[in-house]
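>>> When you get a sec, could you give me coordinates for this:
(one chain, ligands or ions: 1)
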Amino acid sequence: MKVAFIGLGNMGGPMALNLHKAGFEVRAFDLSSAACDALRKDGVAIASSAEDAVTGAQVVVSMLPASQHVEGLYLGSDGKAGLLEMLPTGTLVIDSSTIAAATSRKVAQAAAKRGVVVIDAPVSGGTGGAIAGTLTFMVGGGAADLERARPVLDKMGSNIFHAGDAGAGQTAKICNNMLLGILMIGTSEAIALGIANGLDPKVLSEIMRRSSGGNWALEKYNPLPGVMETAPASKGYAGGFGTDLMLKDLGLSQENAAAVRASTPLGGMARNLYAAHSLAGQGGLDFSSVIQMFQKKP
Ligand code: NAD
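Residues are numbered from 1 along each chain as shown. Have a look, this model is predicted:
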C-alpha cells in the first residue's frame, strides 16, 4: 500500500519511519529540509512537495503543528490550491495533528463532497511512544473508515480508540492534554518544594511515583534534569513536546470550554503559566521545562 506522510517533525518523523519499517511504500515530505534529510538517511523516500508525496497514494497521513497548517494543506491558502483538489475519490486521509475539532470537521466535510474520507486521529504517548510505535490514537470519524485506517494505525500505535464522529478525536485529545498540562505543573511544584526543603529529587520522585501522587510525568517524563535519563529534561528540554504546542492545546481546551460553557479553572491557569513561560523565551523548549518557573535562579 502506498502511503504519503506529510510533516516529519518530532512525532511525524518516527511515525513515518515505523510505517516504512512495516513495509508500506512511504513517500514523505516536510517543509524543513533537515527533517527530510533525517528520514532519508533511514531509507524513507522523500518527495519534492506535498503534491508529489500524495501522487499515487491510497492513504495520506499528516502530522502538522496546528489548525492553520492542516487547513492550508488540504483546503489551500494564499491562492494555492489544497491537496483535496487533487486526491482521487476513495483516498483515505488520516490527520494525526492536534487541531481544533471545528477545523477537523470542516476539512472532513469538504473532503466528503469530493469522495475523499478524512478521519481525525490525534495521538498521545510523546516522542517515546512515536519511536516505539506504542502511541494511543483517538479517532473521530465513521466506524468503517476507522477499520480502513486500522492496519496503518496499528503500525504506529498500540491503543486505538473510536471517540465518535468527525472532530471527536480532537475533543478527546484536548481533554487529555488539558489534564497533562495541569499535572506537569503540579508535579513540577511538588518536586521544587521538595528540593527547597533539601530532599533528593530522585528519591522524592520515586516516593511520589509509588504513592497516591503517581502520574505519567513521574513514570515517563520527569521534568527535572538528571532524574530520568530518557526524558527531555535530561536532554536540555530538546526534542519532546514544545511549550508552544502545549500552549496551543490549552488554548483549544479553553476555547472549547467557553463554547460549551464548561468550568475549567485549572486548565485556564495552566494555559496562563505556559504562556508566561513562553513569553520568557522558553516556547521552543519541551513543556516539562515549566518546572523552571518554580526553581530558584542560580
Ligand atoms: P514539530 O514542530 O516537531 O513538527 C511539525 C512539522 O511539520 C515540522 O517539521 C514542520 O516543518 C512541518 N510542517 C509544517 N507545515 C507543513 C506543511 N504545510 N507541509 C509539510 N510540513 C509542514 O511538531 P511535533 O512535536 O511533531 O507535533 C506535531 C503535532 O502532534 C502537533 O499538533 C502536536 O500538538 C501533536 N503532538 C505532539 C506530541 C509531542 O510529544 N511532540 C505528542 C502528541 C501530539
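>>> Please export the C-alpha coordinates of the longest strand along the chain as PDB.
Secondary structure assigned by DSSP state E gives strand 157-164 as the longest strand of the chain. What follows is strand 157-164 as a C-alpha-only set of coordinates in PDB (Å, rounded to 0.1, in the frame of the first residue of the first chain):
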ATOM      1  CA  GLY A 157       0.300   2.700  18.000                       C
ATOM      2  CA  SER A 158      -0.900   0.100  20.400                       C
ATOM      3  CA  ASN A 159      -4.200   1.700  21.600                       C
ATOM      4  CA  ILE A 160      -6.800   2.800  19.100                       C
ATOM      5  CA  PHE A 161     -10.000   4.400  20.400                       C
ATOM      6  CA  HIS A 162     -13.100   5.400  18.400                       C
ATOM      7  CA  ALA A 163     -14.100   8.600  20.200                       C
ATOM      8  CA  GLY A 164     -17.100   9.400  17.900                       C
END
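>>> Contacts for that strand, please.
Strand 157-164 has contacts (Cβ atoms under 8 Å, 6 or more residues apart in numbering) with 123, 125, 129, 133-140, 143, 146, 150, 153-154, 169, 171-172. Where C-beta positions appear, they are placed from N, C-alpha and C, glycine not excepted.
>>> any idea which helix or strand carries the residue in the chain that the ligand sits nearest to?
Evaluated by Cβ to the nearest ligand atom, the chain has G9 as its residue closest to the ligand, separated by 1.7 Å. When elements are defined using DSSP states H and E, G9 is found to belong to no helix and no strand.
>>> Break down the protein into its helices, ranges please.
If DSSP state H is used as the criterion, the helices of the chain fall at 12-21, 33-41, 50-54, 67-75, 101-113, 126-132, 143-154, 168-196, 201-209, 216-220, 243-260, 265-277.
>>> Count the neighbours of K41 for me.
A count of nearby residues for K41, using other Cβ atoms under 10 Å, gives 8.
>>> can you check the one 3 residues further on too?
By the measure other Cβ under 10 Å, the count of residues near V44 is 20.
>>> For it, give me the backbone phi and psi.
phi -80, psi 140 (degrees, to the nearest 10).
>>> pLDDT at the closest residue in space to it that isn't next to it in sequence, what is it?
The spatial neighbour of V44 that comes closest, neighbours along the chain excluded (Cβ to Cβ, 6 or more residues apart in numbering), is H20 at 4.8 Å. Reading off the confidence values, H20 has pLDDT 98.
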